[in-house]
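Chemist: Got a predicted structure here, sequence first:
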Amino acid sequence: MSSLLQSFTTELRRGTLTLAILSQLRTPQYGYSLVQRLEVAGVSIEQSTLYPLLRRLEKQELVTSNWDTTESRPRKYYVLTAYGAEVYEQLKNEWTQMTSELNSLLKGEKDDEFD
């Protein structure tokens, strides 16, 4: 893959990963469970990408985290805040509209309108 294509792919993935993560945090998830859920859906993410993204989302007050120390291995669980749920719904609506528009363009349906 050329470096230019790699750069474009990285840009595309950056926003979609945020949306994918927010979609899975309506219920509390810890890092590894989140990676597993995403992988089942066909979305791969490295832990070196996931944890900084989770910290950024927490700093933006979209998610909150809590440690669960009841198990032998402590786990940090992340979940959407009320504000995060609102932002997620808005992003989901934007995504739906944008993908519909792009699909239409990519299929060539809009080209016919200019003839």
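Modeler: That came in fine, so what should we check first?
Chemist: For the rest of this, base every contact and every neighbour count on C-alpha atoms.
Modeler: Will do.
Chemist: Tell me, how many residues neighbour Q24?
Modeler: Other residues near Q24 come to 18 when the count uses other Cα atoms under 10 Å.
Chemist: Could you pull up the residues touching it?
Modeler: By Cα atoms under 8 Å, 6 or more residues apart in numbering, the residues touching Q24 are L34, R37.
Chemist: Could you report the pLDDT at it?
Modeler: Predicted confidence (pLDDT) at Q24: the value is 97.
Chemist: before we move on, what about the one 3 residues further on?
Modeler: The pLDDT attached to T27 in the predicted structure is 96.
Chemist: So the closest residue to it other than its chain neighbours: helix, strand or coil?
Modeler: In space, T27 comes closest to V79 once its chain neighbours are excluded; the distance is 6.0 Å by Cα to Cα, 6 or more residues apart in numbering. Look at V79: counting by DSSP: H, G, I helix; E, B strand; the rest coil, its state is strand.
Chemist: Distance check, V79 against L54.
Modeler: Distance, V79 to L54, by Cα to Cα, to the nearest Å: 10 Å.
Chemist: which stretches of this structure form strands?
Modeler: Counting by DSSP state E, one finds strands in the chain at the ranges 29-30, 63-68, 75-80.
Chemist: Okay, now the sheet partners of the shortest one, with direction.
Modeler: For strand 29-30, the paired strands and their directions (DSSP bridges) are strand 75-80 (antiparallel).
Chemist: mean confidence for the strand it pairs with?
Modeler: Strand 75-80 comes out at a mean pLDDT of 97.
Chemist: what angle sits between that strand and strand 63-68?
Modeler: 150 degrees (axes from the mean of the first three to the mean of the last three Cα atoms, to 10 degrees).
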